[in-house]
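K.L.:
just coords:
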C-alpha cells in the first residue's frame, strides 16, 4: 500500500489507474516524455534503486550506474537522469518496505518479458557497480526476479555473469 493511499490522499481517478505514488512522482517530472514511457522509466529506476538500497546504503557508484542505465534507456539528458535517480533513491529509502512489491508488480504488468529481462540484467549491474554484490543485494535480486516472473534458474543465469563480484561464488 502506498503512503498516499494509506493516508487517503489519492483521488479516485488515481486509485483507478492502479499506479503507485512512487511511479507517479517520477513520471510527473518527466513532462517531455509520453505517459507510458515516463511510467516505464519510473518503475525501472525505482526497482534499480530498490536493489541498490537492499544493503541500506546506495553507494555513489550504484547511483552513477542507475543514472547511466536510465539515461541510455530513454536517451535522457543528465539533468533528467539525475532527477529520476534522486527521486527513485529517496522513494526507495522512504517507502521501500511498502512500495517494493507494488511497484515491481506494476512494472511486470506493464512491460514485456524482454523489458523485464533487461531490468533483471541491469539489477546485477547496479549491485556490482561498487565492486561487490552484497548478500542482501543478491537476495533482493532473486526476490525481484521471482516478482517479475522469472524462475530461480533464469535469475541465476544472469547472476553467473557477475561471478567475480559475488564473494560466495568467487571463492569456489
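P.N.:
Received, thanks. Treat the numbers as computed from the prediction; the structure is a model and nothing was measured. Numbers count the residues shown, from 1 in each chain.
K.L.:
what's the single longest helix in the chain?
P.N.:
Secondary structure of the chain per DSSP state H: the longest helix is helix 78-110.
K.L.:
pLDDT averaged over the helix or strand that that helix is followed by, what's the number?
P.N.:
As assigned by DSSP states H and E, the chain's next helix or strand after helix 78-110 is helix 113-128. Summarised as a single mean, pLDDT over helix 113-128 is 94.
K.L.:
For the helix or strand where residue 50 lies, the averaged confidence score.
P.N.:
For residue 50, the host element (DSSP H and E) is helix 35-52. Mean pLDDT, computed over helix 35-52, is 87.
K.L.:
buried set for the following helix or strand past it?
P.N.:
The element immediately downstream of helix 35-52 (helix or strand, assigned by DSSP H and E) is helix 60-74. Residues of helix 60-74 classed as buried: 62, 63, 65, 66, 67, 68, 69, 70, 71, 73, 74 (neighbour count, 16 or more other Cβ atoms under 10 Å). Every residue, glycine included, has its C-beta placed from N, CA and C.
K.L.:
Enumerate every residue touching residue 48.
P.N.:
By Cβ atoms under 8 Å, 6 or more residues apart in numbering, residue 48 lies in contact with 66, 69, 70, 88, 119, 122, 123, 126.
K.L.:
at 7 Å instead, please
P.N.:
66, 69, 88, 122, 123, 126 (Cβ atoms under 7 Å, 6 or more residues apart in numbering).
K.L.:
again, but for residue 168
P.N.:
Not one residue lies near residue 168 by Cβ under 7 Å, 6+ apart.
K.L.:
name the element it belongs to?
P.N.:
Per DSSP H and E, residue 168 falls inside helix 167-170.
K.L.:
Now that helix: average pLDDT?
P.N.:
Mean per-residue pLDDT for helix 167-170: 72.
K.L.:
Reformat the contacts of residue 48 as TSV; add distance to residue 153.
P.N.:
Listed next are the contacts of residue 48 as TSV, based on distance: Cβ to Cβ, whole Å:
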residue	distance to residue 153
66	27
69	24
88	29
122	19
123	16
126	22
